[in-house]
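Undergrad: One predicted model, sequence on top.
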Amino acid sequence: METFTVETARREARNITPEVKEAVKKLAKGRSGVAFVFTFHTTTALTVNEAESGLMEDLIDAYFSAVPELNYRHNRIDNNAEAHILASAIGNSVALPVEGGELKLGTWQSVLLLEFDGPRTRKIGVKFIPEI
Ligand code: ZN
């Protein structure tokens, strides 16, 4: 596994495609297979979408507006229940195709780290599973 860290803002979608590509290049060594990208945290998520700055802010706004305003028990101790709920709903990993050692994404696709409770140092892991 290759890992890297990202210093995040309070809430943001961050394009981590360059870091993922670099990790895949090291792990795959020209082979084809699947890259499994994982975030080691309970208030971040991963998704694949367009890394357009307006859209990335829209994603964060829309995600938070989608969480109902309830009397969250977790907020008594940590005040970040909404961040946990979004991380859980969106998911903490993505699996991506790798062809000939290179990440194979669509023209407008990027790997986005979604930070819901920063600023923090976040650790991301990349595993490569080769074709057999
Ligand atoms: Zn919490």
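TA: Done, it's in.

Undergrad: Mind pulling the model confidence for T39?
TA: T39 carries a pLDDT value of 98.

Undergrad: Quick check on it: phi, psi?
TA: When read as degrees, to the nearest 10, the backbone of T39 gives phi -110, psi 130.

Undergrad: residues from the protein in reach of the ion?
TA: 78, 80 (Cβ under 5 Å from the ion). Bear in mind the C-beta positions are built from the backbone N, C-alpha and C, glycine included.

Undergrad: Name the residue of the chain that lies nearest to the ion.
TA: D78 (3.3 Å; Cβ to the ion).

Undergrad: Please report the distance of that residue from H84.
TA: For D78, the distance to H84 (Cβ to Cβ, to the nearest Å) stands at 8 Å.

Undergrad: ditto for I132
TA: Counting by Cβ to Cβ, the gap from I132 to H84 is 37 Å.

Undergrad: Looking at the two, which one has more neighbours?
TA: Using other Cβ atoms under 10 Å as the criterion, I132 and H84 rank with H84 on top: 17 against 4.

Undergrad: Please verify my assumption that that one contacts A45.
TA: No - applying Cβ atoms under 8 Å as the test, H84 and A45 come out as separate, 10.4 Å apart.

Undergrad: these two touch, right, T121 and T3?
TA: No - using Cβ under 8 Å, T121 makes no contact with T3, being 11.9 Å away.

Undergrad: which stretches of this structure form helices?
TA: Residue ranges of the helices in the chain, as given by DSSP state H, are 17-28, 53-66, 81-90.

Undergrad: Nearest to L103, out of the ones you listed?
TA: helix 17-28 (5.0 Å; Cβ to Cβ).
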